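Chemist: Below are the sequence and a predicted model for it; my questions follow.
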Amino acid sequence: MAPALKLYGWAMSPFVARALLCLEEAGVECELVSMIRDAGDHRLPDFLSKNPFGQVPVLQDGDLTLFESRAIARHVARKYKPELLCGDGSPASAAMVDVWMEVEAQQHHAPAGAIVIQCIAVELLGGVRDQAIVDENVSKLATVLDVYEARLSGSRYLAGGTTVSLADLCHFPIMRYFMETEYSTMVEERPHVKAWWEDLKARPAARKVIESMPPDFGVGKKKTED
């Protein structure tokens, strides 16, 4: 029997990977409907009927169609593994999961993503990185990681306690690529952030998802084939 869930996108995207990681953590079987960005699959009418913004991922869970990776992750956790949203089960712990998911979305992703784009994507596509953008975002990310270091000095995971939550997992995809840049030393220099990252990437779900996330976003393979 085919899986009831379908996820549309390309697995190397950190946004698609966020959804995939949550599905793996929840132990949910899901069919990845592979798409080709360069072919414009995300701009075809059928896909736009699922997400009018033409962005991946899109999740189909029965009659429910969702887009936006963090919304998908929340839905999967809420329906299939609610403990990812609840921490130790108390309202206070659940609230801290929400807080640190917002921190990831509002404070961490933008500077880490900008560094990844400039240091990996731009150069792979034959461009020249804008070092001013890199420097600006390195400074921003350093401030964020200092906060993480302080937070993680008192607990194993961001929401507190010894239980991984969606707040931690949502960081994994962009961090996977960030750690391929020369600025990975920013993590290595902060012992508690480093331990947290090592813990995340060692999880079986993360090890499986990372297999579809080549450091060159698949561009190197494409150049070889060309």
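Modeler: Structure's in. What do you need?
Chemist: if I pick Arg74, what's in contact with it?
Modeler: When contacts are counted by Cβ atoms under 8 Å, 6 or more residues apart in numbering, Arg74 touches Leu85, Leu166. All C-beta atoms are positioned from the backbone trio N, CA, C, and that covers glycine.
Chemist: What helix or strand is it located in?
Modeler: helix 69-80 (DSSP states H and E).
Chemist: swap in Met12?
Modeler: Counting by DSSP H and E, Met12 is found in no helix or strand.
Chemist: Quick check: it touching Pro214?
Modeler: Yes - using Cβ atoms under 8 Å, Met12 is in contact with Pro214, at 6.3 Å.
Chemist: Which helix or strand lies directly C-terminal to the helix holding Arg74?
Modeler: For helix 69-80, the succeeding helix or strand toward the C-terminus, using DSSP H and E, is helix 83-86.
Chemist: now the very next helix or strand once past that following helix and helix 69-80, what's the angle there?
Modeler: On the C-terminal side of helix 83-86, the nearest following helix or strand under DSSP H and E is helix 91-103. Calculated by axes from the mean of the first three to the mean of the last three Cα atoms, to 10 degrees, helix 91-103 forms an angle of 150 degrees with helix 69-80.
Chemist: May I see the buried residues of helix 91-103?
Modeler: For helix 91-103, the neighbour count (16 or more other Cβ atoms under 10 Å) marks Ser93, Ala94, Met96, Val97, Asp98, Trp100, Met101, Val103 as buried.
Chemist: Let me know the pLDDT of the fourth one.
Modeler: Translated: Val97. With respect to pLDDT, Val97 has a value of 96.
Chemist: Same question for the second one.
Modeler: Among the per-residue scores, Ala94 shows a pLDDT of 92.
Chemist: how about the nearest residue to it, chain neighbours excluded?
Modeler: Nearest in space to Ala94, with sequence neighbours left out and distances taken as Cβ to Cβ, 6 or more residues apart in numbering, is Cys86 at 4.9 Å.
Chemist: what separates that neighbour from Gln106, distance-wise?
Modeler: 22 Å (Cβ to Cβ, to the nearest Å).
Chemist: Between these two, tell me which one has more neighbours.
Modeler: Cys86 (19 against 10; other Cβ atoms under 10 Å).
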